[in-house]
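K.L.:
I'll drop the sequence and a predicted model, then ask my questions.
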Amino acid sequence: MNTMTEVPTLEIKRLFDASPERVFDAWMKRERWQAWIGPEGTNCKVTKFEPKVGGRYRVVMRMSDGRELPVVGVFRTIDPPHRFAMTWKWELGSDDSLVTVVLRDVGGKTEMTLRHDGLLTQENCDGHAKGWNGALNKLEAYLGS
């Protein structure tokens, strides 16, 4: 008997009042990424950042309750300023997932599509949706400054 379990996929679309180059740089420059990455209410420190195919990153999210949650990954694709993909994993966990970001110029603004594949449960998908939406709110404020 072959049983397939559907794995949820998270997809978020946003329109930013900035060029694709500015949005891409906000992800691919360490100090810029560190300024906004992480859900609202968290402060993050990017402790490793190698923005090249095969390069690694590590982000330590400091939660409002003082917990630290490190995320690690590897850049799989980098095509400036159009798209990139990176693995995403809690450092102490075993589940690797994949984040793909596609940027498209729309009349001088940027339509960004973030797709997060490999989230094994709907609860995990919902938690990441909340986290990513919070981080993208911070990105929007960062780009506006």
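P.N.:
It's in.
K.L.:
and for residue 72, the neighbour number?
P.N.:
Applying other C-beta atoms under 10 Å, we find 19 residues neighbouring residue 72. Glycine gets a C-beta too; all of them are placed from N, C-alpha and C.
K.L.:
helix, strand, or coil at it?
P.N.:
Classification of residue 72 by DSSP: H, G, I helix; E, B strand; the rest coil places it in strand.
K.L.:
apart from its neighbours in sequence, what residue is nearest residue 131?
P.N.:
Once flanking residues are discounted, residue 131 sits nearest to residue 39: 4.2 Å by C-beta to C-beta, 6 or more residues apart in numbering.
K.L.:
which SS class is that neighbour?
P.N.:
Applying three-state DSSP: residue 39 is coil.
K.L.:
what's it sitting at in phi/psi?
P.N.:
Main-chain dihedrals, residue 39, degrees, to the nearest 10: phi -60, psi 160.
K.L.:
what's the mean pLDDT across stretch 52-69?
P.N.:
Across stretch 52-69, pLDDT averages out at 95.
K.L.:
which parts of it are buried?
P.N.:
57, 59-61, 69 (16 or more other C-beta atoms under 10 Å).
K.L.:
phi, psi for residue 94 please.
P.N.:
According to degrees, to the nearest 10, residue 94 has phi -120, psi -10.
K.L.:
use 497 as the first number from now on
P.N.:
Will do, 497 is the new start, and the previous item becomes residue 590.
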